[in-house]
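1. Quick one, structure for this:
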Amino acid sequence: MRKSSGAPVPAKIDEEYYQISEEILSSFPKFHPPVDLFRFNEEALTLVPLIRKSQRLTNEQVEEVRALCHAGGLFVARSDHPIYSEHMVKQLDLVLQDSNLKEGEITDICARALIMRYEAFAEQPVRPVFDPLYKDIMVFTEILWQDRHRIKSFMRRLSREYSLGKHAFNSLVVGVWLLLRIMEGGELRRRDLDRAALAFFLQNIGMAKLPAFILNKTGSLKTEELDKVVLHPILSHKIMQKLDLAFDELAQASMEHHERLDGTGYPQKSKAQQISRIGRIAAIADSFGAMITKRPFADAKGPSQAAQELAGDAKRYDGQMTGYLVAAYLTGALN
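-> Numbers count the residues shown, from 1 in each chain. Take a look at the predicted model:
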């Protein structure tokens with residue numbers, strides 16, 4: 001943590017307060033900060049209230065706040081984390097600017113932001129809504145590019161409740177975890193990580209085009225309803241084409257996440273080596289991410305149970321990849 005005017009900041013303050021960076025401060029409304037602000041009192045080595053969140057700042061107070069922030073003496077209480085994090089959810093790149101956020105806080109903020117972006121895009125799959133989603137995916141991959149081990153924090157926060165947005169988040173995280181596991185010790189380009197992450201996140205976007213009564217149905221689907229469901233990979237691919245997003249990983253994840261090694265999948269009935277590596281990862285990420293959530297027609301399974309069931313279905317799912325999941329949960333690496 002920085003020091004204001006050379007005075008040391010006690011460790012307890014570091015635990016109970018965020019130190020506001022100039023980048024974070026500049027993202028706040030100029031005259032109405034969304035959180036209570038505190039300044040560091042060097043003589044008492046403690047924090048004292050400066051601005052309350054309900055207060056409108058004068059021009060003089062705005063300058064005072066800026067000067068304190070520049071000197072490293074401006075703070076917000078961690079008790080205001082819900083408000084602070086909500087602000088960052090809407091501007092996810094701010095997590096890259098705040099070195100005082102804990103790993104779990106970064107993960108939670110990122111998860112909420114990505115789910116929010118996905119749900120907005122599902123309602124309006126157009127370029128102006130896609131652009132902020134893409135930007136947030138790039139923040140996610142930057143977090144991992146700085147330290148690949150951070151993917152474990154995301155794996156520990158997979159959603160156990162189902163919605164299209166939460167399922168997309170699960171598919172993203174599991175897909176990227178598997179990719180990083182497969183590429184462990186090998187060369188992975190940043191571009192490949194970026195493209196794979198976007199592909200896993202959007203592979204199911206075609207589901208947003210299905211009627212709500214089908215998505216929420218608790219019983220078995222009728223033949224005509226099932227016919228609509230099996231089209232969603234094609235719908236996902238078409239949505240991406242309309243946005244002029246044409247790269248292999250996106251097409252593979254969209255079209256192959258329901259293909260199975262024995263040819264029993266859909267929509268193309270592809271078999272074995274006809275299915276790309278990204279497609280194989282996407283299939284496991286999609287199935288595992290769904291199995292661990294409570295859906296209208298099925299109860300949630302424990303992650304270890306879901307992993308073992310997929311591993312036991314080697315005729316349809318890649319055994320090496322499902323083996324990584326089983327091993328991780330059996331050893332407690334993801335608990």
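2. and the most centrally placed residue in the chain, what helix or strand is that in?
-> Per CA atoms, centre = their mean, the C-alpha nearest to the average position across the chain is that of Ala111, at 3.9 Å. Applying DSSP states H and E as the criterion places Ala111 in helix 103-123.
3. Residues contacting that helix, please?
-> 81, 85, 88-90, 92, 95, 101, 129-130, 132-133, 136-137, 139-140, 143, 150, 153-154, 156-157, 159, 163-166, 168-169, 172, 201, 205, 208 (CB atoms under 8 Å, 6 or more residues apart in numbering). Every residue, glycine included, has its C-beta placed from N, CA and C.
4. And for stretch 238-255?
-> 125-127, 130, 175, 192, 195-196, 198-200, 202-203, 205-206, 209, 233-234, 236-237, 267-268, 276, 278-279, 281-282.
5. Let's test this: mean pLDDT of that stretch, rounded?
-> Mean per-residue pLDDT for stretch 238-255: 93.
6. With stretch 24-35 instead?
-> The model assigns stretch 24-35 a mean pLDDT of 89.
7. Could I get the average pLDDT for stretch 191-202?
-> 97.
8. Same check on stretch 83-93?
-> Mean predicted confidence for stretch 83-93 is 88.
9. okay, it in PDB with CA atoms only?
-> The C-alpha trace of stretch 83-93 is given here as PDB (Å, rounded to 0.1, in the frame of the first residue of the first chain):
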ATOM      1  CA  ILE A  83     -21.600  -0.500  -3.200                       C
ATOM      2  CA  TYR A  84     -17.900  -0.400  -4.300                       C
ATOM      3  CA  SER A  85     -18.100  -3.700  -6.100                       C
ATOM      4  CA  GLU A  86     -21.400  -2.800  -7.800                       C
ATOM      5  CA  HIS A  87     -19.600   0.200  -9.200                       C
ATOM      6  CA  MET A  88     -16.800  -2.000 -10.500                       C
ATOM      7  CA  VAL A  89     -19.200  -4.500 -12.000                       C
ATOM      8  CA  LYS A  90     -20.300  -1.900 -14.400                       C
ATOM      9  CA  GLN A  91     -16.600  -0.900 -15.200                       C
ATOM     10  CA  LEU A  92     -14.800  -4.200 -14.900                       C
ATOM     11  CA  ASP A  93     -11.500  -2.900 -16.100                       C
END
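10. Relative to the helix or strand hosting Tyr18, what are the paired strands and their orientations?
-> Here Tyr18 sits within strand 17-19, counting by DSSP H and E. Strand pairing for strand 17-19, using DSSP bridges, gives strand 74-77 (antiparallel).
11. So what touches the strand it pairs with?
-> 13, 16-20, 25, 35-40, 47, 50, 65, 68, 84.
12. try stretch 50-63
-> 30-39, 65, 68, 74, 80, 83.
13. quick one: terminal-to-terminal distance for that stretch?
-> End-to-end distance of stretch 50-63: 13 Å, with CA to CA, to the nearest Å as the criterion.
14. Could I get the buried residue list for it?
-> The neighbour-count check on stretch 50-63 (16 or more other CB atoms under 10 Å) flags 50-51, 57, 61 as buried.
15. likewise stretch 71-78?
-> 72-77.
16. Now Arg190: closest residue in space that isn't a chain neighbour?
-> Computed as CB to CB, 6 or more residues apart in numbering, the closest residue to Arg190 that is not its neighbour in sequence is Trp145, at 5.9 Å.
17. mean confidence for stretch 205-220?
-> Mean per-residue pLDDT for stretch 205-220: 82.
18. and it, how far out from the chain's middle?
-> Remark: stretch 205-220 is offset 23 Å from the chain centroid, using CA atoms, centre = their mean, to the nearest Å.
19. Show which residues not belonging to the helix or strand containing Lys228 make contact with it.
-> Counting by DSSP H and E, the element that carries Lys228 is helix 223-229. Residues from elsewhere that reach helix 223-229 (CB under 8 Å, 6+ apart): 210-211, 214, 217, 221.
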